[in-house]
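# sequence unknown, structure follows:
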C-alpha cells in the first residue's frame, strides 16, 4: 500500500481527518446542486493532486458511497501506482474499443465500495481523448454505476482539454500547494473554467503547516 494513501495507512492521523472534513464540505457544497461527478485538478503539475483524489475517494467509500475513481490524467497517470494495480486495461482501452456496451475495465480499490478505472495505455493525443463525445459517454456510464465519480484530471493550465472534460462533471475541486501555486495561476484557472461554464467548487490548500484545508471560493 502506498504511503500516499494516508487514509488507509494511518487513518487516525490529522491528515486523514482533514480528508474526512473535506468529504463533509463537499456534501454541503452539493446541497443546492448535487455533486455526483467531481473533477480534481490543479493549475500546474503538483505531486499532491493525484494522492488527494485517491484519499478523497477512499473516505467517500468509507462513508458508504459507491465510488469510481477515474484516472484521466493521460499524461502523468498515478492512480495505478498509488493503489498498486496494473495500469492496463483502463480508460483508453475502453475508449479504443468499438463496443460501447462492453463493461468498463474497473478494478477493486481495496476498500468496500471503491473501484478504480486506471488510465490504460497512454495515447499520443490525450486532448482528443478527453474532449471527445465518447469520453462524455464514459463518464455517463460511470455515473450509472456509482454514487460518486472522482476524476483525476490533468492540470488546467497545462492541458486545455481539462476544461472540456470538466464540462461533463458537476464541478472542479482545485488543488493548490502552499509556497508553490501562484495567485495569478489560480486566477487564470478561474477564468478558464468560467469561460467553459464549469463550476469551481473550491480549493484545497496542501503542504500547509497543519493538515490540508478546504477553502471555498
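Structure received. Predicted model only: the values in this text are computed from it and were never measured.
# CA atoms for contacts and neighbours, from now on please.
Fine.
# for the protein, what's the longest helix?
Taking DSSP state H as the criterion, the chain has its longest helix at helix 14-29.
# And the helix or strand just after that helix, what does it pack against?
The C-terminal neighbour of helix 14-29 among helices and strands, as given by DSSP states H and E, is strand 37-41. Here strand 37-41 touches helix 49-62, strand 148-152, strand 172-177, going by 3 or more Cα pairs under 8 Å, 6 or more residues apart in numbering; DSSP states H and E.
# what is the orientation angle of the shortest one with strand 37-41?
In other words, strand 148-152. 20 degrees (axes from the mean of the first three to the mean of the last three Cα atoms, to 10 degrees).
# same deal with the last one?
With the same axes, to 10 degrees as the basis, strand 172-177 and strand 37-41 are set at 30 degrees to each other.
# which residues are in contact with strand 172-177?
Defining contact as Cα atoms under 8 Å, 6 or more residues apart in numbering, one finds that strand 172-177 is touched by 38-43, 46, 48-49, 166, 198-208.
# May I see the buried residues of the helix or strand following that strand?
Next helix or strand after strand 172-177 toward the C-terminus (DSSP H and E): helix 183-195. Buried positions in helix 183-195, judged by neighbour count with 16 or more other Cα atoms under 10 Å: 185-186, 189-190, 192-193.
# a markdown table please, covering the residues you listed and showing pLDDT.
Listed next are the buried residues of helix 183-195 as a markdown table, based on pLDDT from 0 to 100:
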| residue | pLDDT |
| --- | --- |
| 185 | 88 |
| 186 | 88 |
| 189 | 89 |
| 190 | 91 |
| 192 | 90 |
| 193 | 90 |
